[in-house]
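Participant: Next come a sequence and a model predicted from it.
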Amino acid sequence: MRASCHCGQLRVTVPGPTKAVVACHCTDCQKRSGAPFGVAAYYPHGEIEIEGAARRFSRPTAAGGVFEQRFCPECGVTVLMKGAKNPDVTGIPIGLFDDAHDMQPVRSVWEDRKHAWVEITSAVQHFPRARVD
């Protein structure tokens, strides 16, 4: 499966769909996505092939870690994300995949920041804040 930014300069290839799909309602994901929540598919780093140039933006998390976003320097779209909480995986926003897919969130986090009209019915796990290990 391939995913890309809006202009196509930054592209990633993954082996196929993943079940590790998370909807996040934190205010940082709302700002990053420009939507009431963000949804990303997570893959081990070694399963992701990256093509094109990316810029990096890092920010602190509410849990005291660091969250890193890599985005296209041309169109500004975030294509890759990774955080200190799960350092072995990288997230790709599911709306960036070139072809239709059936991936949907299995987990919904930071629901205490969720907009009242939003329902993530596919999620099996729901957390008011970040997932607790």
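Facilitator: Good, I have the coordinates.

Participant: Helices of the protein, start to end?
Facilitator: 27-33 (DSSP state H).

Participant: could you point out where it is predicted with low confidence?
Facilitator: Residues of the chain meeting the criterion pLDDT under 70: 132-133.

Participant: those strands in it, which residues are they?
Facilitator: 2-4, 11-13, 21-24, 38-44, 49-51, 55-60, 66-71, 78-83, 89-93, 107-109, 125-126 (DSSP state E).

Participant: mind listing what's buried in the second one?
Facilitator: Buried residues in strand 11-13, counting neighbours by 16 or more other CB atoms under 10 Å, are found at 11-12. Bear in mind the C-beta positions are built from the backbone N, C-alpha and C, glycine included.

Participant: Does Ile50 touch Cys5 like I think?
Facilitator: No. The criterion here is CB atoms under 8 Å, and Ile50 misses it with Cys5 at 11.5 Å.

Participant: what residues do those two have in common as contacts?
Facilitator: With contacts taken as CB atoms under 8 Å, 6 or more residues apart in numbering, Ile50 and Cys5 have Arg11 as neighbours in common.

Participant: between these two, who's got more neighbours?
Facilitator: Cys5 (22 against 15; other CB atoms under 10 Å).

Participant: and the gap between that one and Cys72?
Facilitator: 4 Å (CB to CB, to the nearest Å).

Participant: At the geometric centre of the chain, which residue do we find?
Facilitator: Centrality entry for the chain: nearest residue to the mean C-alpha point is Ala40, 3.1 Å, by CA atoms, centre = their mean.

Participant: Any chance of TSV for the strands of the chain, columns distance to Gln30?
Facilitator: Formatted as TSV, those follow (distance: least, CB to CB, whole Å):
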stretch	distance to Gln30
strand 2-4	21
strand 11-13	23
strand 21-24	9
strand 38-44	7
strand 49-51	26
strand 55-60	13
strand 66-71	14
strand 78-83	13
strand 89-93	13
strand 107-109	13
strand 125-126	17
